[in-house]
Each structure stands twice: as structure tokens, then as C-alpha cells.
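Asks: I'd like to go over a predicted model; first the sequence, then the structure.
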Amino acid sequence: MVQVWNPNGKYRVVSTKPMPGTRWINLLIEQDCRVEICTRKKTILSVEDIIALIGDKCDGWLSCVYVSVFQLTEDWGETLFSALSRAGGKAFSNMAVGYNNVDVNAANKYGVAVGNTPGVLTETTAELAASLSLSAARRIVEADEFMRAGLYDGWLPNLFVGNLLKGQTVGVIGAGRIGSAYARMMVEGFKMNLIYYDLYQATRLEKFVTGMSVTYAEFLKANGEQPVTWKRAASMDEVLREADVISLHPILDKTTYHLVNKERLAIMKKEAILVNCSRGPVIDEVALVEHLKQNPMFRVGLDVFEDEPYMKPGLADLKNAVVVPHIASASKWTREGMATLAALNVLGKIKGYPVWSDPNRIEPFLNENVPPPAASPSIVNSKALGK
Ligand SMILES: NC(=O)C1=CN([C@@H]2O[C@H](COP(=O)(O)OP(=O)(O)OC[C@H]3O[C@@H](n4cnc5c(N)ncnc54)[C@H](O)[C@@H]3O)[C@@H](O)[C@H]2O)C=CC1
Ligand SMILES: O=C(O)C(=O)CO
């Protein structure tokens, strides 16, 4: 049930799941860590399971730290942080960028550093959002099922007619790292016009699309095509009204819970495409199921669900929904990199290293040919802990 590496290591690091690759294990072992990996088949561990893994003491280990493989139901609150702290635990890291499953105030109370893994999953997650956009627009899953069912008996003018993306408007809600990467893909790849909404100005994205639309505009015009345009919307509703494809990329917090609800679905175009690779509760999924039933030309691509791992009743039966099991960050390079960043977050705490200055630039930690910088790549509560 628990696989142990380097049993005589001075520092104890526990992981709730086997994580991809071996670099993360080697980096910990090189720094005198004993690595314990829970290999139980159970996908979602309960609070009791995790408390049992943490144990009640560190048995002479100098530091007892914890890497949790992100699970929506692995709720890191008062109970777990106090258990970790009682066992001498000083650091915890999600193997994820999102940390809505973590009560950071509780971690602060027990002086536990909370790590996450930004940056390494930006492009991979954006690529999945782009894949879902295309799958929904071109009805790939429905068509695939049709072929496999042996129903294809010849080309027809009306067979699986979908939406053209070129020249349409892509809307991005939450233009942070992933939202901006997705926006660029859709503008560059499909010549879509962009409208975005975020609480903050996405300066880097704006510079990119401005630069692109200036030089690219000449090129497109010379080739008899329309240049791409972009704008920052004053409200989220403006994006919902204007865009043909809308992708959600905000964090989940109380400002974004049910951001897309019945009223907002009603203002979207009848043939719009909605993609969610952020967190399930950003959409009111019951309202979405109803909307999909009433509007068969409205399509969605979902990687995340309100009650993960479950879907709301009715969703699985709808042809106008493409659903995948939270795989947006699942490329080999990204998942191995996430494991490395998570391990280095806790290792940095063990070694007393500072926190890396820019969580948007984590490349130096991912170069396998050189030792990683002496820093924790990303600790979300470093300021609160006075680091
Ligand atoms: N499905 C999956 O496997 C994955 C999901 N994610 C989710 O994506 C989220 C975003 O990740 P990053 O882009 O790296 O984070 P980020 O912090 O770079 O971007 C989040 C953006 O959301 C914006 N935002 C916050 N509240 C908002 C509101 N009320 N309205 C509009 N915008 C708002 C922020 O200003 C920020 O620009 C993560 O927090 C995580 O929940 C991330 C990776 C993989
Ligand atoms: O990183 C995250 O936030 C995830 O959802 C898993 O990649």
C-alpha cells in the first residue's frame, strides 16, 4: 500500500499517489529524503485515509512534508492541516495549479507552506481547451460514434454539419496564463477575432494580438483576407453575447462560482460553443443540462464537472456535449513537470530555500540536464508566512 524509497533518508516526504516520471523521486532522494508513495487503488482518499498516511509522528525525521495529488474531493482544511502539523509537517503541495481544494487560512494558522504547480501546464491545458472547441464545433465525438456503430452508408450534404471557426469570435473569460495561451492558439491557428473578460488587463496577451493584428493584417489583406480584431470587454455578459466560442479559464472562488448560470446561458448565441477547462462549479451544471436540452445547436466541451467525478443527471445522454475526465493537463511532459514542481516545493521548505521570484517562469526547474535552482518554485502563502 505504501512504496518506500530511500528508507534511511533524513526527511520524510509522503505522496498520496504515484506521480509520473522518476525525476521528482530522484531529486528528493539526492537531498536525503525518504519518499513514501501511497499505491492504494482507491482513487479518492478520504480525510481519514490521509490522516493515516500522515501518521502521528515523524519518528526522528527532521521534517515531515506532504505532496498531495490534486483531487477535488481531497479537502485540505483545518482537520488535515492540524494533523500534518501535529506530525511535524511543514509543507504541502498540490500537484496542480488550482488550489480551491485548500483552505489557505487553515494552512497559515498551522504555519504550513502550500505549493502549487503553475506554468508547466499552461500550453497543455490550453491545447485541450482548443481540442474541445474543435470537437464541439465539428461534432467529432458524435461522428466517431456514428462510424463505429456502422451507420455510415455514404456522403450526405447534411451529415454532421457543424460550425466554422475562421472569422468567428472567440471569447475568453479569465485571461490569465491558460486563458491567454488558449486565446493565442485560436487567434493564430484559426484567425478568430478575440474578445476577453478578466478583472485585470491581460497586457501580454494584448501586446501579442496587437502586434499580430498589425503585421498579420497586412499579410492577410495582401491575400484578400480579413484581419483579426480583438477587444477587452467591459463585462462578462458582453463576451457571452458577442462570442461564438467561449472558453472559461478563471480560478474557482466565490466570485466565479456559478459564473455561468441560467440567465447568462440565455444571453449566449443559440449556436454558441461553451468550453470549460477551469473548475466544474464555474458553471451551474443543472442549468446547463436544461439549456442543452432546449437548444440542440448549442454545444459544450467539458473537462470538469460540478460534482466531480459525477455528472449531473441527463448530461451523459446529450449529443451536444463532449465530456472528458479532467485530462486538460495530461500530457507526459506536463504531468512529469508538475510532479517535479510539487516535489521541489516541499524540498525547498525542507532545505530552507527561498521562494522563486516568478511563478510564471518556472522553466529552470524543468531542465533535466542541470540541477534545479535552490528555491521552492511556487508557494501560494509565502507572504502570509513571512517568506
Ligand atoms: N482542467 C484542468 O485540468 C486544469 C484546470 N486549471 C484551472 O485553471 C485555472 C486557471 O489557471 P491559470 O491560468 O494558470 O491561472 P491564472 O491565475 O494565471 O489565471 C486565472 C485568471 O482568472 C482571472 N479571474 C479571477 N476571478 C475572475 C472573475 N471573477 N472573472 C473573470 N476573471 C477572473 C484572474 O484575474 C486571472 O487572470 C486554475 O485555477 C485551475 O482551476 C488549471 C490547469 C489544469
Ligand atoms: O492543475 C490543475 O489545477 C488541475 O486541475 C490539474 O491539472
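Replies: On my side now, so go ahead. In this text the structure is predicted, and so the values were computed from the model without any measurement. Numbering: from 1, shown residues only. Ligands and ions are numbered 1, 2, ... in the order given.

Asks: going forward, measure contacts and count neighbours with C-alpha atoms only.
Replies: OK.

Asks: identify the residue spatially nearest to residue 21, adjacent ones excluded.
Replies: Spatial nearest neighbour of residue 21, excluding adjacent residues (CA to CA, 6 or more residues apart in numbering): residue 336 at 5.3 Å.

Asks: next, the contact list for the one you found, please.
Replies: Residues near residue 336 by CA atoms under 8 Å, 6 or more residues apart in numbering: 19-21, 23-24.

Asks: identify the farthest-apart pair in those residues.
Replies: 19 and 23 (10.1 Å; CA to CA).

Asks: who has more neighbours, the two?
Replies: residue 19 (21 against 16; other CA atoms under 10 Å).

Asks: hmm, residue 341 and the more buried one touching each other?
Replies: No: between residue 19 and residue 341 there is no contact under CA atoms under 8 Å: 11.4 Å.

Asks: mind checking which helix or strand of the chain has the lowest mean pLDDT?
Replies: Within the chain, confidence by mean pLDDT, DSSP states H and E is lowest for strand 64-68 among all helices and strands, at a mean of 65.

Asks: can you name the element that comes right after that strand?
Replies: Where DSSP states H and E defines the elements, the next helix or strand beyond strand 64-68 is helix 78-86.

Asks: what pLDDT does the model give the residue nearest to residue 21?
Replies: Listed pLDDT for residue 336 reads 96.

Asks: same deal with residue 154?
Replies: For residue 154, the model assigns a pLDDT of 98.

Asks: next one: residue 73
Replies: Reported pLDDT for residue 73: 61.

Asks: rewinding a little: helix or strand: which one has the residue nearest to residue 21?
Replies: Taking DSSP H and E as the criterion, residue 336 maps to helix 332-351.

Asks: could you see whether ligand 2 lies near that helix?
Replies: No: if you take CA under 6 Å from any ligand atom as the test, helix 332-351 misses ligand 2, and the best it gets is 8.0 Å.

Asks: can we start the residue count at 2 from this point?
Replies: Got it, first residue is 2 now, which makes that one helix 333-352.

Asks: flag every buried residue along that helix.
Replies: For helix 333-352, burial by neighbour count (16 or more other CA atoms under 10 Å) applies to 335-351.

Asks: show me what contacts residue 173?
Replies: Counting by CA under 8 Å, 6+ apart, the residues that residue 173 touches are 180-181, 184, 195-198, 240, 247-250.

Asks: neighbours around the closest residue to residue 217 other than its chain neighbours, how many?
Replies: Residue nearest to residue 217 in three dimensions, not counting chain neighbours: residue 228, with 7.1 Å by CA to CA, 6+ apart. Each residue near residue 228 was counted by other CA under 10 Å, and the total is 19.
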